[in-house]
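>>> attaching a predicted model along with its sequence, questions to come.
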Amino acid sequence: MATGAAALGREVTLFATNAGIGLLLEGQALAEDPREALLTARGVAGIGVLWAAARELGIRCIACEAGLAAEGLRDAALSPGVERAGVATFFEAVSNGQIVTL
């Protein structure tokens, strides 16, 4: 959803917390998940493709500081360009914009 919105010119901020933070870790293994090959075979963009698109589209990515701590990842290396911040920073970035949670 984030890449689709950004492709349409919308400003997008991705906020990940707890288990979702795995996507934002440097060298994250989600792109190497066996499901990636299955998605590719079915003609569907996998997380690796979507992550690259998110970067190209300028999507702002925030890893929740509390979520990092909860997952034991307080000192984990994040992918380049990913910010460490709290939920207040996310709400400030979104302001009165639309919020979608999954």
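Perfect, thanks for sending it. Residues are numbered from 1 along each chain as shown.

>>> got the CA coordinates for the lowest-mean-pLDDT helix or strand in the chain in PDB?
Comparing helices and strands within the chain by mean pLDDT, DSSP states H and E singles out helix 34-41 as the least confident, with a mean of 86. Extracted C-alpha coordinates of helix 34-41, given in PDB (Å, rounded to 0.1, in the frame of the first residue of the first chain):
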ATOM      1  CA  PRO A  34      11.400 -18.700   0.600                       C
ATOM      2  CA  ARG A  35       8.100 -17.000  -0.100                       C
ATOM      3  CA  GLU A  36       9.900 -14.400  -2.200                       C
ATOM      4  CA  ALA A  37      10.600 -16.900  -4.900                       C
ATOM      5  CA  LEU A  38       7.000 -18.100  -4.900                       C
ATOM      6  CA  LEU A  39       5.700 -14.500  -5.200                       C
ATOM      7  CA  THR A  40       8.100 -13.900  -8.100                       C
ATOM      8  CA  ALA A  41       7.000 -17.000  -9.800                       C
END
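
>>> render the CA-only coordinates of the top helix by length along the chain in PDB, please.
Ordering each helix of the chain by length in residues (DSSP state H) puts helix 47-56 first. As requested, the backbone C-alpha atoms of helix 47-56 are provided in PDB (Å, rounded to 0.1, in the frame of the first residue of the first chain):
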ATOM      1  CA  ILE A  47       9.200  -7.600  -0.200                       C
ATOM      2  CA  GLY A  48      12.700  -7.100  -1.800                       C
ATOM      3  CA  VAL A  49      11.100  -5.500  -4.800                       C
ATOM      4  CA  LEU A  50       8.700  -3.400  -2.700                       C
ATOM      5  CA  TRP A  51      11.500  -2.300  -0.400                       C
ATOM      6  CA  ALA A  52      13.700  -1.100  -3.300                       C
ATOM      7  CA  ALA A  53      10.700   0.700  -4.700                       C
ATOM      8  CA  ALA A  54      10.000   2.400  -1.400                       C
ATOM      9  CA  ARG A  55      13.500   3.700  -1.300                       C
ATOM     10  CA  GLU A  56      13.300   5.000  -4.900                       C
END
